[in-house]
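> Attaching a predicted model along with its sequence, questions to come.
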Amino acid sequence: MSASFARVSISDLSVGTFLSSPVFDPSSAGTKLLGKNIRITYQFIERLAARGIESVVVNRRDLAMLKAGTPQGTRRHAEQRDYVRISKSTRATIPIDEQIVAEGFADELKIPITSVEERFGSVSSDRYDHSRMGYSVQRREQQIHRLDESFDDLLKGGGPHEQSLADVCRTSIKSILEDRDMFLCLGLNPFDTDYPTRHSLHVSGIAIAIGMMLGLDETSLSDLGSGCLIHDIGMKQLSRPLHAQRGKLSNDELAELAAHPIFTLDALMRPGVRVSEAARIVAYQVHERCNGSGYPRGRRSGEIHPLAKIAAVADAYVGLVSNRRHRKGLLPYFAIETILHDVAAGCYDAKAVRGLLHAVSMFPIGSFVETNDRQIARVVRANGEAYAQPVIEIWDPRHGQYEPELLNLSRQTSVRIVRAVRGPQVA
């Protein structure tokens, strides 16, 4: 097989995805199964299964498209998370910790919430522009490559320039203004490669979307997004890749993991690293929780930067839906359910969580759901305060409906979502 192509199981083919190149039969060189720039349908996957074809050959450029915007998690229950507070201090952390203790921050996000419609207009009922989506996926992959190189340079004594981080954030803001639902469809569904850079880019995009829902100004959005982009640089300095560990972490490993925000801050305070103070604090505090249950310091709400409270929600969501070596991620709906449970326990700022719901809905964009008339649908657009009534693509292959129909659930009463499901399964 050419290095330009890769074999993919038909279970990994995503209904609704447009591929830029043809799909081939791996058992018969040159046999084309699907032409280029054609949507993958349930009917196509069903025909492959009927013919006994278990995998296909696709162009490697399309691998990201197959995974982009498609939930990777399958679990319904979150594992218990253990956090460890540590007392380790460094030349970088001491003055910031002293300032936080002495002055603190506003105890809640002082952001006036205006209606989503005032800032973004009414909810669109259009399909995604798939040429724009393909470009966005390619650009995201390029950003990950450049950020990874930049982070490695920082750890060697160089580092990201504030301008380069701001450029990524501006691109996110522009994309959200063009089509926030398409942007979030890509951002809400990470796949498990290039850690921690890919994770951080997803967190940054979601945090910026939340911030825009809440009405943050551009400077605050840039500080928020930049802090999220760099928040896990310290993971690269751990003695072992704990994110890839199989099984539950030991107490010593949890303590080492809890130190990575300190390593991040140390790296960001090196001479020549130009990052705003707010972005540094966001990176340092993204794992703190409003009720004191986070790390590294166990800060409470009044000691956590307002932007870090938004970052915490975005980081928690991406972590919950992401696959890890020791466990699968959650289905997106159950990640939202977990965050709602945790905000009731005081872990998160309620306005930040409300901003997440405004941006992505109870059934996050990209999710598959079942309706009350037993049809399978995919969520494609959030609906502001109508959290449980997003815009969906709905189809019923059992009755010959293979092409999806767009339906805004807030504009009718006969169809409603009854549960979250995995993607359509071929019998």
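Cool, got the structure.

> excluding its backbone neighbours, what's nearest the most centrally placed residue in the chain?
The structure's the chain has its C-alpha centroid closest to residue 188; by Cα atoms, centre = their mean the separation is 3.5 Å. If you skip the residues right next to it in sequence, residue 188 has residue 364 as its closest partner in space, 5.1 Å away by Cβ to Cβ, 6 or more residues apart in numbering. All C-beta spots, glycine's among them, are computed from the backbone N, C-alpha and C.

> How about the contacts made by residue 235?
Residue 235 makes contacts with 195, 196, 242, 243, 260, as judged by Cβ atoms under 8 Å, 6 or more residues apart in numbering.

> hmm, try it at 7 Å
If you count contacts by Cβ atoms under 7 Å, 6 or more residues apart in numbering, residue 235 has them with 196, 243, 260.

> how many other residues sit next to the closest residue to the last one other than its chain neighbours?
In space, not counting the residues next to it along the chain, residue 260 is nearest to residue 234; the distance is 3.6 Å by Cβ to Cβ, 6+ apart. Using other Cβ atoms under 10 Å as the criterion, residue 234 is surrounded by 24 other residues.

> before we move on, the earlier item: which of the contacts of residue 235 ranks first by neighbour count?
Using other Cβ under 10 Å as the neighbour test, the contacts of residue 235 are led by residue 260, with 23 neighbours.

> Next, the contact list for residue 295, please.
Taking Cβ under 7 Å, 6+ apart as the contact definition, residue 295 lies against 83, 84, 85, 258, 287.

> Please indicate which of these are buried?
The neighbour-count test (16 or more other Cβ atoms under 10 Å) applied to the contacts of residue 295 identifies 84, 258, 287 as buried.

> Does the last one touch residue 294 like I think?
Yes. The pair formed by residue 287 and residue 294 meets the contact definition of Cβ atoms under 7 Å, at 5.2 Å.

> Not counting its own residues, what contacts stretch 137-149?
Contacting residues not belonging to stretch 137-149 are listed as 64, 65, 68, 168, 186, 194, 197, 198, 201, 229 [Cβ under 7 Å, 6+ apart].

> what about that stretch, distance to the chain center?
For stretch 137-149, the gap between its own C-alpha mean and the chain's C-alpha mean amounts to 15 Å (Cα atoms, centre = their mean, to the nearest Å).

> repeat for stretch 131-143
Stretch 131-143 has its C-alpha centroid displaced from the chain centroid by 15 Å (Cα atoms, centre = their mean).

> The spatially most distant residue from the centre of the chain: what secondary structure?
Computed with Cα atoms, centre = their mean, the residue of the chain farthest from its C-alpha average is residue 28, at 37.6 Å. Classification of residue 28 by DSSP: H, G, I helix; E, B strand; the rest coil places it in coil.

> starting at the chain centroid, how far to the strand or helix carrying residue 220?
Residue 220 is part of helix 218-230, with elements assigned from DSSP states H and E. The gap between where helix 218-230 is centred and where its chain is centred comes out at 16 Å by Cα atoms, centre = their mean.

> if you average pLDDT over it, what comes out?
Mean pLDDT, computed over helix 218-230, is 95.

> contacting residues around the nearest residue to residue 8 once chain neighbours are set aside?
Computed as Cβ to Cβ, 6+ apart, the closest residue to residue 8 that is not its neighbour in sequence is residue 58, at 5.4 Å. By Cβ under 7 Å, 6+ apart, the contact set of residue 58 is 5, 6, 8, 19, 21, 23.

> tell me which helix or strand of the protein sits lowest on mean pLDDT?
None of the helices or strands of the chain scores lower by mean pLDDT, DSSP states H and E than helix 116-120, at a mean of 51.

> what about the helices in this structure?
Along the chain, the segments classed as helices by DSSP state H run 42-50, 63-67, 93-103, 116-120, 130-155, 162-187, 197-214, 218-230, 251-258, 260-268, 277-285, 306-321, 332-344, 350-360.

> Can you check which of those gets nearest to residue 414?
Comparison of the helices of the chain against residue 414 by Cβ to Cβ identifies helix 332-344 as nearest, at 21.7 Å.

> which residues are contacting that closest one?
Contacts to helix 332-344, defined as Cβ under 7 Å, 6+ apart, come from residues 71, 76, 78, 188, 313, 316-317, 320-321, 330, 348, 350, 353, 362-364, 366-367, 420.

> Quick one, grab the pLDDT at residue 147.
The per-residue confidence score, pLDDT, reads 90 for residue 147.

> That one and residue 265, how far apart?
Counting by Cβ to Cβ, to the nearest Å, the gap between residue 147 and residue 265 amounts to 18 Å.

> Also residue 203?
Taking Cβ to Cβ as the measure, residue 203 and residue 265 are separated by 17 Å.

> Likewise for residue 412?
Computed with Cβ to Cβ, the distance linking residue 412 and residue 265 is 51 Å.

> So which of those two has more stuff around it?
In this view residue 412 and residue 265 are compared by other Cβ under 10 Å, and residue 265 has more residues nearby, 24 against 10.

> what's the spacing between the more buried one and residue 85?
16 Å.

> Equivalent analysis for residue 362, please.
Separation of residue 362 from residue 85 (Cβ to Cβ): 32 Å.

> repeat for residue 343
Distance, residue 343 to residue 85, by Cβ to Cβ: 21 Å.
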